[in-house]
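Asker: Give me a 3D structure for the following:
(2 chains)
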Amino acid sequence: GENVEQHPSTLSVQEGDSAVIKCTYSDSASNYFPWYKQELGKRPQLIIDIRSNVGEKKDQRIAVTLNKTAKHFSLHITETQPEDSAVYFCAAKPSGYALNFGKGTSLLVTP
Amino acid sequence: DAGVTQSPTHLIKTRGQQVTLRCSPKSGHDTVSWYQQALGQGPQFIFQYYEEEERQRGNFPDRFSGHQFPNYSSELNVNALLLGDSALYLCASSAGTSNTEAFFGQGTRLTVV
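Answerer: Next up is the predicted model:
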């Protein structure tokens, strides 16, 4: 089955700096890659997603890149703010219907 | 639109008991997936329901079963509870069969003692 590896597990940055989280996947049939943000005690919320026919997608301070050949995708957050502090999960969807999640990255943005 | 709603929010059960968790999908969504999220881990796929049938199942034992009703709401049942079943159970709904966004509910925190 699909195996999604996520790094780093924890990330601490200063407000205004950039944060990068990287994920790799194993199933070349995966064609949908969402990123979720989960604040403490709250539901995971989709922040950005990318499909396999696209190499990069941006939404304001957030961008995702996908390298299908290398089977990795990354989340980039620029000009980080304290409210960006949360756990971020990457996921991949191979053929089928299940989302396979990474183990998460705990991001802390310090003022 | 209330989004995805789950009940109850918290539950404490004893080993060996059975539990039923409930999920109402977001308006307009017909597909419901269930995930188990252990502390400090990413969600793990349990199964997905579409048109009242289990469409795909993850690597979970038969103690985990589910149901989808004609109004698209869903239940997750777990029999013979083990301590290791303690986790946050998340329901996610989506529309149709394509790669559309999955909206998550707040989850049910199950503690098995």
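Asker: quick one: contacts for residue B:111?
Answerer: Residues in contact with residue B:111 (CB atoms under 8 Å, 6 or more residues apart in numbering or on different chains) are B:10-13, B:86. The way it works is simple: take the backbone N, C-alpha and C, and place the C-beta from them, glycine included.
Asker: Count residues in the vicinity of the residue of chain A found nearest chain B, would you?
Answerer: Nearest residue of chain A to chain B (CB to the nearest CB) works out as residue A:101 at 3.3 Å. The tally of other residues near residue A:101 (other CB atoms under 10 Å in any protein chain shown) stands at 24.
Asker: ditto for the one 5 residues further on
Answerer: Residue crowding around residue A:106 was assessed by other CB under 10 Å; the count is 15.
Asker: got it, and the one 3 residues further on?
Answerer: A total of 20 residues lie near residue A:109 under the criterion other CB under 10 Å.
Asker: likewise residue B:83?
Answerer: Residues contacting residue B:83 under the criterion other CB under 10 Å number 9.
Asker: pretty sure it contacts residue B:17?
Answerer: No: in this structure residue B:83 lies outside contact range of residue B:17 using CB atoms under 8 Å: 11.9 Å.
Asker: quick one on the thing from earlier: can you read off the pLDDT for the residue of chain A closest to chain B?
Answerer: As predicted, residue A:101 sits at a pLDDT of 96.
Asker: Quickly list what it is bridged to.
Answerer: residue A:91 (DSSP bridges).
Asker: Might you report the residue contacts of it?
Answerer: Per CB under 8 Å, 6+ apart, neighbours of residue A:101: A:4, A:36, A:89-91, B:35, B:42-44.
Asker: what's the closest of these to residue A:58?
Answerer: Ranked by distance to residue A:58 (CB to CB), the contacts of residue A:101 are led by residue A:90 at 16.7 Å.
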